[in-house]
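**Student:** Sequence isn't available, so here's the structure alone:
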Ligand SMILES: NC(=O)C1=CN([C@@H]2O[C@H](COP(=O)(O)OP(=O)(O)OC[C@H]3O[C@@H](n4cnc5c(N)ncnc54)[C@H](OP(=O)(O)O)[C@@H]3O)[C@@H](O)[C@H]2O)C=CC1
Ligand SMILES: O=C(O)CCC(=O)C(=O)O
Ligand SMILES: [Mg+2]
């Protein structure tokens, strides 16, 4: 690869999809905006320590910084938020990890996070929601919340297809809708912005297929399709119908009591897997009241965004909510939270989300021993009540430590 700003670390090897992970993989990372400067170095230190402890030098990650967001504009120039060189590196090295990136509200640039998912076609956003003993939670029984969200990551209103109020384009779109499509329901056509929500058969099928494979491989008990198909019939409703159809056609699910819920047997364990659905608003109250009834979730992009933060709150907040963006070729791991700008550079926030995202990356690489050490360090630090501000403010007798000191506390307990 010809690089102008990226330094390829010496002694590392590329991860090639479909081939065994080398012992010295090069992993590109994006530091991220805002608190990225705090959490990313801590994540690297903790992961390096876990890998060293697990493999005694036989394995080592060669980190390669690539640039996106504000740092990219400093390096490549004022309008270069996500350079081609960065995209090329993320593709060429196939497994990467990123800090959060800022998206302005209203005007300004479109989300770089979304752009990256779309460009790499990272269609699965996988966000496990897991409770760590001792973490403060607003629930009486937070351990009952144990779910994995499969959020469609490339379609929906989230794709960013919209036209600004007052623009020539929006006038054209509204005229087209009114004159050619017979739309009469735009309440204030002179002052509307318009957004389009694509949801496709293929997009839904590949996401639901991945979610059902996960259910089988991990011996989980159910898949819930979360949608708002009563209102958005041809997008959210399509998502639900395609999901059920796929469960029946590809996994042999049979309707329960005439459907639409259906079930099939896990081919590996013989255990029954139920495929059901829930309308998104009702789902959001049920996950609080009856969390144990939900397991693996497949949902559209915007629903998945809301559900991710809501579920994270049930098990301690977005300070420990990890995630992965996955395609058939690439994987880019990232925390659920954003740039939390008011804490940027203060060495204060919880690095747990990004560390647990890296832990998912280690498992993805089948470096299980190192991943287990990360969990061990996290559980032990929380168990000793050595925590960052977000947990400390809700715990009695906690020792509040900085972002970097929490990383050190984890390492000391691996
Ligand atoms: N994938 C990505 O890169 C994402 C990017 N963003 C972007 O981030 C920017 C800021 O978004 P915002 O809505 O403020 O959401 P954030 O997730 O950045 O922050 C919201 C609040 O969540 C808590 N929080 C977030 N991260 C941590 C952490 N590591 N440890 C402890 N607490 C944490 C803080 O709560 P408290 O104030 O209670 O301490 C914080 O004020 C926006 O530009 C948004 O678009 C948002 C989400 C994802
Ligand atoms: O891209 C952004 O700024 C927000 C993304 C987000 O909230 C998410 O993916 O969970
Ligand atoms: Mg979000």
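**Tutor:** Here it is on my side, so go on. Here the structure is a predicted model, which means the values were calculated and not measured. Ligands and ions are numbered 1, 2, ... in the order given.
**Student:** Please count neighbours and contacts with C-alpha atoms only from this point.
**Tutor:** Noted.
**Student:** Skipping adjacent residues, who's closest to whatever residue of the stretch 301-414 of the chain ends up closest to ligand 2 in space?
**Tutor:** Nearest to ligand 2 in the stretch 301-414 of the chain, going by C-alpha to the nearest ligand atom, is residue 305, at a distance of 4.8 Å. Closest residue to residue 305 apart from its sequence neighbours, by C-alpha to C-alpha, 6 or more residues apart in numbering: residue 151 at 7.6 Å.
**Student:** Residues in contact with the helix or strand containing the one you found: which ones?
**Tutor:** Here residue 151 sits within strand 147-152, counting by DSSP states H and E. Strand 147-152 has contacts (C-alpha atoms under 8 Å, 6 or more residues apart in numbering) with 123-130, 203-204, 207-208, 211, 294-301, 303-305, 308.
**Student:** what residue ranges in the chain are flagged as low confidence?
**Tutor:** Along the chain, segments meeting pLDDT under 70 span 1-3.
**Student:** and it, which residues reach ligand 2?
**Tutor:** Contact residues (C-alpha under 6 Å from any ligand atom) of the chain with ligand 2: 102, 103, 111, 113, 114, 305, 336.
**Student:** farthest pair in those residues?
**Tutor:** Greatest spatial distance in the residues of the chain next to ligand 2: 102 and 305, 15.6 Å, computed using C-alpha to C-alpha.
**Student:** Near ligand 1, which residues of the stretch 1-150 of the chain are found?
**Tutor:** Of all the residues in the stretch 1-150 of the chain, those in contact range of ligand 1 (C-alpha under 6 Å from any ligand atom) are 100, 101, 102, 103, 104, 113.
**Student:** List the contacts of the last one.
**Tutor:** If I follow you right, that is residue 113. Here residue 113 is in contact with 100, 101 (C-alpha under 8 Å, 6+ apart).
**Student:** Now the buried members of the residues of the stretch 1-150 of the chain next to ligand 1.
**Tutor:** Buried by 16 or more other C-alpha atoms under 10 Å: 100, 101, 102, 103, 113, out of those.
**Student:** Pick out the most distant pair among the residues you listed.
**Tutor:** Applying C-alpha to C-alpha across those, the maximum distance is between 100 and 103, 9.6 Å.
**Student:** In the stretch 51-200 of the chain, which residue sits nearest ligand 1?
**Tutor:** For the stretch 51-200 of the chain, C-alpha to the nearest ligand atom, closest residue to ligand 1: residue 100, 3.1 Å.
**Student:** I'd guessed that residue sits against residue 333; true?
**Tutor:** No. Between residue 100 and residue 333 there is no contact under C-alpha atoms under 8 Å: 10.6 Å.
**Student:** gap between residue 18 and ligand 1?
**Tutor:** Going from residue 18 to ligand 1 by C-alpha to the nearest ligand atom, to the nearest Å gives 27 Å.
**Student:** tally of neighbours for that residue?
**Tutor:** Using other C-alpha atoms under 10 Å, residue 18 is surrounded by 8 other residues.
**Student:** Which of the buried ones among the residues of the stretch 1-150 of the chain next to ligand 1 fall in helices?
**Tutor:** Members of those lying in helices (criterion: DSSP state H): residue 113.
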